[in-house]
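A.B. asks: only geometry, no sequence info:
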């Protein structure tokens, strides 16, 4: 496609010739308790996976996580599918997911490094196309360009969206067991930051948390009993509680080996005195875990947490409490 011919005169003034981006630089959504309908917003299913920016320039193709880790070797089928596209110059934003039945499952995706799990890339935005930076264009225009640029075959899929009707779609999402919705202002540009032009509407609680220590195993349990978790506030690691469920035997052994390599003498938590656990081993706060839970308690602890998997796509220092 000829990108400029697809744009209005006003829109042409918003694009510029540019080389392909070198880093992921992803736009991020803000968590909200708002539930709303607005024709000036679009609504997409919130997918439970790993963010991925795919950058192709001629024969060169790179899959990058949001912290710029190369994912080509991890997801070769996505490299093949994107490499088969007729368009040879694009940078697109999407989510790598695995399915458990009809639901996207981060826990299943996290098994990918242990065994083969089918994955798919759901693409929802375009940043660069045919030698032009298109991030300043309105979202609806970028959607139109994206739909015309790729064929979405193989393991690469188009992300469906709805114009307005957010409240009805949110109710449908929660009824179907989805994680929630992403609401996006339809005229918003793409910015490489967290922005209230994109909002997360979650059906259930879940977020990334930093591992700061672990307890000793009991009974027949191997490696460790529970992980001690936290998040950053004003540059300090705050304790959020522990998680002892959601681990299979392989994960216990693999994670146990990682934890032993990160052991340190003292706690990284700012409020370590509030942790009453016995036989605790402290670790450098480098591992980031995806945790599902029912709610935050009044004293800032997780209620009914469960371990879903480790994330390697977000630096620990960026983990904050979302709700």
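C.D. replies: Right, received. Where do you want to start? Note that this is a predicted model, so its numbers are computed, not measured.
A.B. asks: which parts of the stretch 51-200 of the chain are helices?
C.D. replies: 76-83, 106-109, 139-149, 166-175 (DSSP state H, counting those that start in this stretch).
A.B. asks: report all helices and strands that the last one contacts.
C.D. replies: I take that to be helix 166-175. strand 41-45, strand 180-185 (3 or more Cβ pairs under 8 Å, 6 or more residues apart in numbering; DSSP states H and E). The C-beta positions use only the backbone N, C-alpha and C, and glycine is treated the same way.
A.B. asks: okay, now the sheet partners of the last one, with direction.
C.D. replies: The strands that strand 180-185 pairs with in its sheet are strand 41-45 (antiparallel), strand 194-202 (antiparallel) (by DSSP bridges).
A.B. asks: can you tell me which of the ones you listed is most buried?
C.D. replies: strand 41-45 (a mean of 22; mean count of other Cβ atoms under 10 Å).
A.B. asks: so which residues make contact with that one?
C.D. replies: 124, 139-140, 143, 159-166, 169-170, 173, 178, 181-186 (Cβ atoms under 8 Å, 6 or more residues apart in numbering).
A.B. asks: next, the angle helix 139-149 makes with it.
C.D. replies: 50 degrees (axes from the mean of the first three to the mean of the last three Cα atoms, to 10 degrees).
A.B. asks: now do strand 41-45 against helix 166-175, angle only.
C.D. replies: Going by the same axes, to 10 degrees, strand 41-45 makes 10 degrees with helix 166-175.
A.B. asks: starting at the chain centroid, how far to strand 41-45?
C.D. replies: 16 Å (Cα atoms, centre = their mean, to the nearest Å).
A.B. asks: output the contacting helices and strands for the lowest-mean-pLDDT helix or strand in the chain.
C.D. replies: Using mean pLDDT, DSSP states H and E, strand 295-296 stands out as the lowest-scoring helix or strand of the chain, at a mean of 87. Strand 295-296 sits against strand 302-303, with contacts defined as 3+ Cβ pairs under 8 Å, 6+ apart.
A.B. asks: among the contacts of strand 41-45, name the buried ones.
C.D. replies: 124, 139-140, 143, 159, 161, 164, 166, 169-170, 173, 178, 181-186 (16 or more other Cβ atoms under 10 Å).
A.B. asks: identify the residues contacting stretch 253-269?
C.D. replies: Contact with stretch 253-269 is made by 114, 211-214, 222-224, 228, 230, 237-239, 247, 272, 275, 280-287, 310, as judged by Cβ under 8 Å, 6+ apart.
A.B. asks: could you tell me the end-to-end distance of it?
C.D. replies: 25 Å (Cα to Cα, to the nearest Å).
A.B. asks: got the helices and strands packed on helix 166-175 as a markdown table, with mean pLDDT and distance to residue 11 columns?
C.D. replies: Shown next, in a markdown table, are the helices and strands packed on helix 166-175 (pLDDT from 0 to 100; distance: least, Cβ to Cβ, whole Å):
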| stretch | mean pLDDT | distance to residue 11 |
| --- | --- | --- |
| strand 41-45 | 97 | 18 |
| strand 180-185 | 96 | 17 |
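A.B. asks: what's the closest of these to residue 21?
C.D. replies: strand 180-185 (20.1 Å; Cβ to Cβ).
A.B. asks: residue contacts, residue 62?
C.D. replies: Contact analysis of residue 62 by Cβ under 8 Å, 6+ apart lists 54, 55, 56, 70, 72.
A.B. asks: so what pLDDT did the first one get?
C.D. replies: Spelled out, that is residue 54. pLDDT for residue 54: 97.
A.B. asks: thought residue 121 was touching it, still the case?
C.D. replies: Yes: between residue 54 and residue 121 there is a contact at 7.0 Å, judged by Cβ atoms under 8 Å.
A.B. asks: quick check: neighbours shared by these two?
C.D. replies: 78, 82, 94.
A.B. asks: of these, closest to residue 108?
C.D. replies: Of these, the one sitting nearest to residue 108 (Cβ to Cβ) turns out to be residue 78, at 16.2 Å.
A.B. asks: so where do the strands sit in the stretch 151-300 of the chain?
C.D. replies: Under the criterion DSSP state E, counting those that start in this stretch, strands of the stretch 151-300 of the chain are mapped to 156-158, 161-163, 180-185, 194-202, 205-215, 227-233, 236-243, 263-264, 280-283, 288-293, 295-296.
A.B. asks: pipe those into a markdown table and attach distance to residue 320 per row.
C.D. replies: Formatted as a markdown table, those follow (distance: least, Cβ to Cβ, whole Å):
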| stretch | distance to residue 320 |
| --- | --- |
| strand 156-158 | 31 |
| strand 161-163 | 27 |
| strand 180-185 | 18 |
| strand 194-202 | 10 |
| strand 205-215 | 9 |
| strand 227-233 | 5 |
| strand 236-243 | 9 |
| strand 263-264 | 22 |
| strand 280-283 | 20 |
| strand 288-293 | 12 |
| strand 295-296 | 13 |
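A.B. asks: circling back: for the helices and strands packed on helix 166-175, give me a markdown table that also has distance to residue 295.
C.D. replies: Shown next, in a markdown table, are the helices and strands packed on helix 166-175 (distance: least, Cβ to Cβ, whole Å):
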| stretch | distance to residue 295 |
| --- | --- |
| strand 41-45 | 23 |
| strand 180-185 | 15 |
